[in-house]
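Colleague: Prediction below, plus the sequence it came from.
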Amino acid sequence: MWQSYISGVGAYVPERSLTNFDLEESLDTSDEWIQQRTGIVKRHWVEGGVATSDLALKASEEALSSAGLKKEDIDCIIFATLSPDHDFPGSGCFLQAKLGLEGIPAFDIRQQCTGYLYGLSMADSFIKSGVYKNVLLVGAEVHSKGLDRTPEGRNVAVLFGDGAGATILSRKEAGADTESHIIAYDLHADGQHAKELWVAAPGTGNGPDHRLSPAMLEEKLHYPFMNGRQVFMHAVKRMAESLTNTLKKNNVTVDDVDLFLFHQANLRINDKVGEMMGIPAEKVFNTIQDYGNTTAATIPLGMRDAVKAGKLEKGMLVGMAAFGSGFTWGSGLMRY
Ligand code: COA
């Protein structure tokens, strides 16, 4: 019987860091508004021709070195992103070429802020069924190039940051419960809410003719639209619900869990989830202050930072939860 475990973790954010103050003038916003509503203090945005797969490459290299593996040991890539290098092919192919891993399969998955947890379920299933031995699971985003960075887009533009997180899921013989392994995940989607947080164009759903037209650009349909209040409400409810179910199904209590890695969309969402579930604040590792919302990159980026900060060590029990566009949401449990 095979199990999967996280053998390596890495992350990367671009050097350019922008504080809320740096956005005040161009977006007609204020540090006070952003901090009070979201907890965000700064975020990183790329410069020049840097693409999503460039960030993913740096995170992947760190994950490989932390696992003590050579790149040739990787036999599958799963790439979660909503901000790909190009419309097609998927960024997994670009990353594969940059890593020089010709021939191995490369998946792109599109589950937005829940992308890492969906990818984790795929990597774990491939490994448990004996298909692959070492799967590189990356979440990476370059949001900055897709945001309306004018006052009209300020409700969304202040929230998102660029970055990448990568983990390597490796195969081992099933062992004691106390050994590192992925224990469980719980995944959901409800497409009825797809248009509460989405980018309409380019897309075949926009009418009879083209996927993208000057009229669509004029209407700013290529920028994200978000119904912030709806997203907030559903995020709190669904993250708490899914994580509670996962803990219960696995006979684990909040007290048993050493660390919680939540998606980072808004500090108030995470505080509310923590409050509803009775999780002590010090058990939740938040990174939104420094990065904003980095969507699919968030959980592995947080994992890397938690390790660096000495808050996450091998053998710890970790609870994860995320919510995002789709709507998609889910949770996971692992021995790190
Ligand atoms: N700076 C300053 N003012 C802003 C602003 C900004 N960046 N964005 C919006 N505002 C203004 C609005 O114009 C509005 O002004 P008005 O009252 O004069 O009309 C006011 O602030 C309130 O806007 P509203 O959108 O109702 O704010 P909110 O209290 O709902 O908070 C969010 C907005 C985005 C912080 C909040 O809804 C949220 O966090 N939602 C979840 C978002 C999320 O998680 N997204 C990612 C999903 S994974």
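Modeller: Arrived safely.

Colleague: So what's the residue count around Lys71?
Modeller: Residues lying near Lys71 (other C-beta atoms under 10 Å) number 14. To be clear about C-beta, it is placed using only N, CA and C from the backbone, and glycine gets the same treatment.

Colleague: Run through the residues that contact it.
Modeller: Leu64, Leu99, Gly100, Leu101 (C-beta atoms under 8 Å, 6 or more residues apart in numbering).

Colleague: any idea how this structure splits into domains?
Modeller: 2-173, 181-201+214-335 (automatic domain parsing).

Colleague: Quick one: name the residues of this protein near the ligand.
Modeller: By the rule C-beta under 6 Å from any ligand atom, the part of the chain lying against the ligand is 29-30, 33, 37-38, 113, 154-155, 158-159, 197, 226, 228-229, 231-232, 235, 265-266, 293, 323-324.

Colleague: Out of these, which end up buried?
Modeller: 29, 37-38, 113, 154-155, 158-159, 197, 226, 228, 231-232, 235, 265-266, 293, 323-324 (16 or more other C-beta atoms under 10 Å).

Colleague: And the closest residue to Ala157 other than its chain neighbours, how far from Ser213?
Modeller: Leaving aside its chain neighbours, Ala157 sits nearest to Leu147 (4.3 Å; criterion: C-beta to C-beta, 6 or more residues apart in numbering). Going from Leu147 to Ser213 by C-beta to C-beta, to the nearest Å gives 21 Å.

Colleague: These two: which is more packed in?
Modeller: In terms of neighbours (other C-beta under 10 Å), Leu147 is the more surrounded of Leu147 and Ser213; the figures are 19 against 15.

Colleague: What pLDDT does the model give the more buried one?
Modeller: Leu147 is assigned a pLDDT of 98 by the prediction.

Colleague: Which residue is it, in the stretch 1-150 of the chain, that comes closest to the ligand?
Modeller: Nearest to the ligand in the stretch 1-150 of the chain, going by C-beta to the nearest ligand atom, is Thr29, at a distance of 3.3 Å.
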